[in-house]
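Compute the structure for the input listed below.
(one chain, ligands or ions: 1)
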Amino acid sequence: MQRYDVLIAGGSFVGLTLAIALASSARGALRIAVVDRTPLESARDRVNDGRASALSAASTHLFHSLGIWQSVAKSAQPITGIDITDSQMNSLVRPSLLHFDGDLAEGEPAAHMLENHVLRDALISKAGETAGLKFLAPESVVDFEVHANGVSAQLEHGGTIEASLLVAADGRKSAMRKRAGIKTIGWSYPQAGIVATLGLEKSHGGRAIQHFLPKGPFAILPLPENRVSLVWTEERARAREIVAMEDAKFLAEAKKRMGARFGDLTLEGPRAAFPLDMHLARAFVADRVALVGDAAHGVHPLAGQGLNIGLRDVAALTEVIVEAVRIGLDPGSATVLQRYERWRRFDSAFSGLSMDALNRLFTNDNAPLRAIRSLGLGLVDRAPALKRFFVREAAGLTGTVPKLLKGEAL
Ligand SMILES: Cc1cc2nc3c(=O)[nH]c(=O)nc-3n(C[C@H](O)[C@H](O)[C@H](O)COP(=O)(O)OP(=O)(O)OC[C@H]3O[C@@H](n4cnc5c(N)ncnc54)[C@H](O)[C@@H]3O)c2cc1C
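Residues are numbered from 1 along each chain as shown. Predicted coordinates for the structure are as follows:
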């Protein structure tokens, strides 16, 4: 049997970042264990996750405070602007309804694109060199019991971990959430998100394009070396067909949607389709248990916010726990958990429902609705103060922002 202060089930983006944040911010006052069922070699392999994530400025501040951004910055692509259009696929001219400059007032980009495998690799390396942190992989938490002073978690390969707090960072189908008796509300979308990396003949100029098509949003997101990451939403059966197409046909379908502006396209990695859903846990905490990341909430990827919202959980939970431990409180106590839930649940619900509303508003070809939304976007485009607000919102710097997201030490 091993004893820790915090046990984190799930060591992907959110779980590993939380483990590093807690161990480094508590400066030796906390012992952290993080467990992930994926073997390290496959977690690091690009073939198993060809996605890239739009990371808000708030998320990059967090990674910078933890000494992670320094090792990935050279592989990140600053987003210099965003163009939003809903023009039809066969129209020769595709006017942008709304465009944003990518910089915050402070002169830093509101977001960067970073390939998932690069971030995962950096997190695994950082976890390995962080004092007070034990990373067990491949290993799973299969069950746990709550008792007066904490939890006893059973591991798949034998052995038990005792901890004051169990954090479920085990993703959208979280078994820990179910075991804690927490239900979710939400729904599946009839859509899947196809993801692929393409090389371009002509420069993307660092700009991201969100093209709202009748079957769902088609995002062209800039990457270094003049590549782009596509997040291409289609009905599920059609998405499966598109992913299975031979390369030339797949590229021809992509070109139909991207138009001629990028010149010739080449495939630069694996492609896959992800089923999409929106879910929100009915509670973010239970006795001695806290949920973070996709275990707590899942949003439509159209604004690239899922991971950013999970990293906000990380920063808030770290702040709450570290402040509690400094005044001698138990990190798994009800006071700590209630403060975390009050901070994060409403904010996550608001984000999930906003993405859902946008998806519903744009995923249709109804002529009167098209006219109204074009008018609405046109009005926003002419309102600089509103646009500045949206850029700060996308940067994750509105509301009650946890210190680590502002780049402040705890
Ligand atoms: C197409 C697409 C594009 C996206 N683009 C963006 C974007 O641009 N920006 C953005 O912010 N977000 C984006 N997202 C969302 C983002 O990918 C997720 O929010 C994020 O991956 C969630 O991370 P997580 O660590 O919470 O969960 P996951 O990444 O799902 O990790 C869960 C981990 O838990 C482990 N695990 C599960 N059960 C156990 C167990 N019992 N014991 C031990 N380990 C266990 C698994 O092995 C896994 O490693 C996108 C999502 C999709 C589908």
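
Report pLDDT for the closest residue to the ligand within the stretch 101-250 of the chain.
Residue nearest to the ligand within the stretch 101-250 of the chain (Cβ to the nearest ligand atom): residue 171, separated by 2.9 Å. In short, each C-beta sits where N, CA and C put it, glycine included. At residue 171, the pLDDT value in this model is 98.

count of neighbours near it?
18 (other Cβ atoms under 10 Å).

Need the nearest residue in space to it, chain neighbours excluded.
Sequence neighbours aside, residue 294 is the residue nearest to residue 171 in space, at 4.8 Å (criterion: Cβ to Cβ, 6 or more residues apart in numbering).

So which bits of the stretch 151-300 of the chain are right by the ligand?
169-171, 175, 193, 195, 231, 274, 293-294 (Cβ under 6 Å from any ligand atom).

nearest to residue 280, of those?
Proximity of those to residue 280 (Cβ to Cβ) peaks at residue 294, which lies at 11.0 Å.

you'd agree that closest one is up against residue 306?
Yes - between residue 294 and residue 306 there is a contact under Cβ atoms under 8 Å: 6.7 Å.

Near the residue nearest to residue 171, how many other residues are there?
By the measure other Cβ under 10 Å, the count of residues near residue 294 is 24.

re the thing from before, which of the residues of the stretch 151-300 of the chain next to the ligand are buried?
With burial judged by 16 or more other Cβ atoms under 10 Å, the buried subset of those is 169-171, 175, 193, 195, 231, 293-294.

Among those residues, which ones are in helices?
Residues of those located in helices (DSSP state H): residue 175.

could you give me the average pLDDT of stretch 158-167?
In this model, stretch 158-167 has an average pLDDT of 97.

now stretch 181-196
Stretch 181-196 comes out at a mean pLDDT of 95.

Can I get it in CSV? Just the C-alpha atoms.
Taking C-alpha atoms only, stretch 181-196 is exported to CSV below (Å, rounded to 0.1, in the frame of the first residue of the first chain):
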residue,chain,number,x,y,z
GLY,A,181,-22.3,8.2,-8.3
ILE,A,182,-22.2,11.4,-10.3
LYS,A,183,-24.6,11.5,-13.3
THR,A,184,-24.2,13.8,-16.3
ILE,A,185,-26.6,15.8,-18.4
GLY,A,186,-26.0,16.2,-22.1
TRP,A,187,-26.5,14.9,-25.6
SER,A,188,-24.6,13.4,-28.5
TYR,A,189,-24.4,15.3,-31.8
PRO,A,190,-25.3,13.5,-35.0
GLN,A,191,-21.9,14.8,-36.1
ALA,A,192,-18.3,13.6,-35.9
GLY,A,193,-15.2,15.8,-36.2
ILE,A,194,-12.7,14.6,-38.9
VAL,A,195,-9.2,15.7,-38.0
ALA,A,196,-6.3,15.8,-40.5
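
Give me the distance from that stretch to the chain's centre.
The chain centroid and the centroid of stretch 181-196 are separated by 14 Å under Cα atoms, centre = their mean, to the nearest Å.

Start at 49, not 1
Fine by me, first position is 49 from now on; the one you just mentioned is stretch 229-244.

Could you point out the longest strand of the chain?
Identified as the longest strand of the chain according to DSSP state E is strand 232-248.

picking up where we left off before, export the buried ones among the residues of the stretch 199-348 of the chain next to the ligand to TSV and tack on distance to residue 174?
Below are these laid out as TSV (distance: Cβ to Cβ, whole Å):
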residue	distance to residue 174
217	16
218	20
219	21
223	26
241	28
243	25
279	27
341	17
342	21
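
Check the buried ones among the residues of the stretch 199-348 of the chain next to the ligand and tell me the two furthest apart.
223 and 279 (27.3 Å).

Just the residues contacting the one helix or strand in the chain whose mean pLDDT sits lowest, thanks.
Within the chain, no helix or strand scores below helix 415-429, which has a mean of 76 by mean pLDDT, DSSP states H and E. For helix 415-429, contacts defined as Cβ atoms under 8 Å, 6 or more residues apart in numbering pick out 132, 134, 145-147, 409-410, 434-435, 438.

Same question for stretch 400-410.
Outside stretch 400-410, the residues touching it (Cβ under 8 Å, 6+ apart) are 134, 234, 237, 260, 264-265, 326-328, 345-348, 350-351, 353, 417, 421.

rerun at 10 Å
By Cβ atoms under 10 Å, 6 or more residues apart in numbering, the list of residues contacting stretch 400-410 from outside reads 132, 134, 233-235, 237, 239, 258-262, 264-265, 281, 324, 326-328, 345-354, 357, 417-418, 420-421, 424-425, 441.

What helices and strands are in contact with whichever strand or helix holds residue 199?
Under the criterion DSSP states H and E, the helix or strand holding residue 199 is strand 198-203. Counting contacts by 3 or more Cβ pairs under 10 Å, 6 or more residues apart in numbering; DSSP states H and E, strand 198-203 packs against strand 50-57, strand 80-83, strand 189-195, strand 208-216.

average pLDDT for stretch 125-132?
Across stretch 125-132, the average pLDDT comes to 92.

Output the helices and strands packed on strand 198-203 in CSV, with mean neighbour count and distance to residue 158 appended to each entry.
Below are the helices and strands packed on strand 198-203 laid out as CSV (neighbours: other Cβ atoms under 10 Å; distance: least, Cβ to Cβ, whole Å):
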stretch, mean neighbour count, distance to residue 158
strand 50-57, 24, 29
strand 80-83, 26, 30
strand 189-195, 16, 36
strand 208-216, 24, 29
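
Now for residue 346: which residues touch it?
Residues near residue 346 by Cβ under 10 Å, 6+ apart: 219-221, 232, 234, 324-329, 354, 357-358, 396, 400, 403.

And residue 413, by the same measure?
Residue 413 makes contacts with 134, 136, 261-263, as judged by Cβ under 10 Å, 6+ apart.

Least confident of these?
Among these, residue 136 has the weakest pLDDT, 70.

can you pull the pLDDT of the most centrally placed residue in the chain?
Relative to the mean C-alpha position of the chain, the nearest C-alpha, by Cα atoms, centre = their mean, is the one of residue 355, at 1.4 Å. Here the pLDDT value assigned to residue 355 is 97.

That one contacts residue 164, doesn't it?
Yes - using Cβ atoms under 10 Å, residue 355 is in contact with residue 164, at 8.9 Å.

any common contacting residues for those two?
Both residue 355 and residue 164 are in contact with 60-61, 99, 101, where contact means Cβ under 10 Å, 6+ apart.
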